[in-house]
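K.L.:
no sequence on this one, just coordinates:
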């Protein structure tokens with residue numbers, strides 16, 4: 001019989017029960033900017049230099065994809081001993097509809113996950129199986145606990161997009177002021193050769209920052225009165241940036257959890273879900289995943305949401321078309 005043991009992963013802050021390329025044009029605003037008297041952001045210019053897709057993976061967290069009916073846990077860890085994974089190992093899999101313990105059936109390699117200048121590369125992975133697979137919906141991530149698990153209290157809740165005119169009116173000024181401060185502090189990376197952006201950064205005017213809110217939803221954060229997360233794109237001259245941000249009412253909390261847009265799916269291709277490992281007694285994390293095939297390949301994102309704002313702990317993307325070589 002399985003015993004429940006709560007494990008804390010310090011790297012992510014998660015409680016686990018049991019233990020020549022071109023930019024992808026950003027999607028259109030969910031709420032037309034003109035309705036708020038704003039000018040919608042122009043599309044970023046095409047880049048012709050190769051763009052390095054900087055994937056990120058916290059220890060003990062692995063992306064999971066459905067590949068032709070097989071659920072594959074990708075292991076992108078650097079070469080060396082791949083401890084903690086192997087046949088019969090049980091892992092906690094978080095899907096769009098729930099949380100279940102699945103078993104590793106066997107090791108495998110896939111050519112659909114990584115590319116280099118030489119072409120597609122083999123990526124180590126593990127095939128997952130178990131009776132609970134049918135209860136999970138779309139597989140998103142797997143967590144590797146140190147002891148047997150029983151995730152009875154864990155919950156997953158899908159988030160709907162609540163962006164409206166009032167979102168722009170309530171959060172628009174605060175987002176612009178925050179971005180202006182980030183620009184003046186050098187924390188907004190400008191496109192190479194963007195001379196107008198460089199001039200703007202010396203005396204940033206919040207009113208001249210173009211804003212587009214792709215996604216907004218209420219998200220529980222302990223100690224906050226009215227917490228809300230937003231995925232917002234901002235543009236200065238030729239330079240565009242997409243961020244996940246957290247607010248408490250009209251006040252922005254923390255900084256930008258960067259969501260790179262170059263060679264990545266538009267926000268409207270992503271679904272968002274809140275994972276609460278303790279059924280309301282712990283801090284939920286935010287997961288984002290592509291449920292339908294985007295232009296470049298499926299994606300998995302993970303963010304820790306806390307009182308200091310959001311932080312990214314997982315960014316992974318399949319690379320079936322060698323997107324850096326397109």
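P.N.:
Thanks, I have the structure now. Bear in mind that the values here come from a model prediction, so they are computed numbers and not experimental data.
K.L.:
Surely residue 90 touches residue 84?
P.N.:
No. Using C-beta atoms under 8 Å, residue 90 makes no contact with residue 84, being 11.3 Å away. The way it works is simple: take the backbone N, C-alpha and C, and place the C-beta from them, glycine included.
K.L.:
Looking at those two, which one has more neighbours?
P.N.:
A direct count of neighbours by other C-beta atoms under 10 Å for residue 90 and residue 84 places residue 90 higher, at 19 against 15.
K.L.:
pLDDT value on the more buried one, please?
P.N.:
The per-residue pLDDT reported for residue 90 equals 90.
K.L.:
With residue 303 instead?
P.N.:
The model's pLDDT for residue 303 equals 97.
K.L.:
from what I can see it touches residue 257, true?
P.N.:
Yes. With contact defined as C-beta under 8 Å, residue 303 reaches residue 257; the gap is 5.7 Å.
K.L.:
ok, the two, which is more surrounded?
P.N.:
The residue with more neighbours, out of residue 303 and residue 257, is residue 303; 24 against 21, by other C-beta under 10 Å.
K.L.:
what sits in contact with each of residue 303 and residue 257?
P.N.:
Residues touching both residue 303 and residue 257 (C-beta atoms under 8 Å, 6 or more residues apart in numbering) are 244, 310-312.
K.L.:
Let's see which of those end up in strands.
P.N.:
The strands, defined by DSSP state E, take in 244, 310-312 from those.
K.L.:
domains of the chain?
P.N.:
6-10+55-153, 29-49+159-325 (automatic domain parsing).
K.L.:
Show me where the stretch 201-326 of the chain dips below the pLDDT cut-off.
P.N.:
279-282, 320-326 (pLDDT under 70).
K.L.:
The same query, at a cut-off of 50, please.
P.N.:
326 (pLDDT under 50).
K.L.:
Now do the helices in it.
P.N.:
Assigned by DSSP state H, counting those that start in this stretch, the stretch 201-326 of the chain shows no helices.
K.L.:
all strands of it, in order?
P.N.:
210-218, 227-236, 239-248, 251-258, 270-276, 285-290, 299-306, 309-317 (DSSP state E, counting those that start in this stretch).
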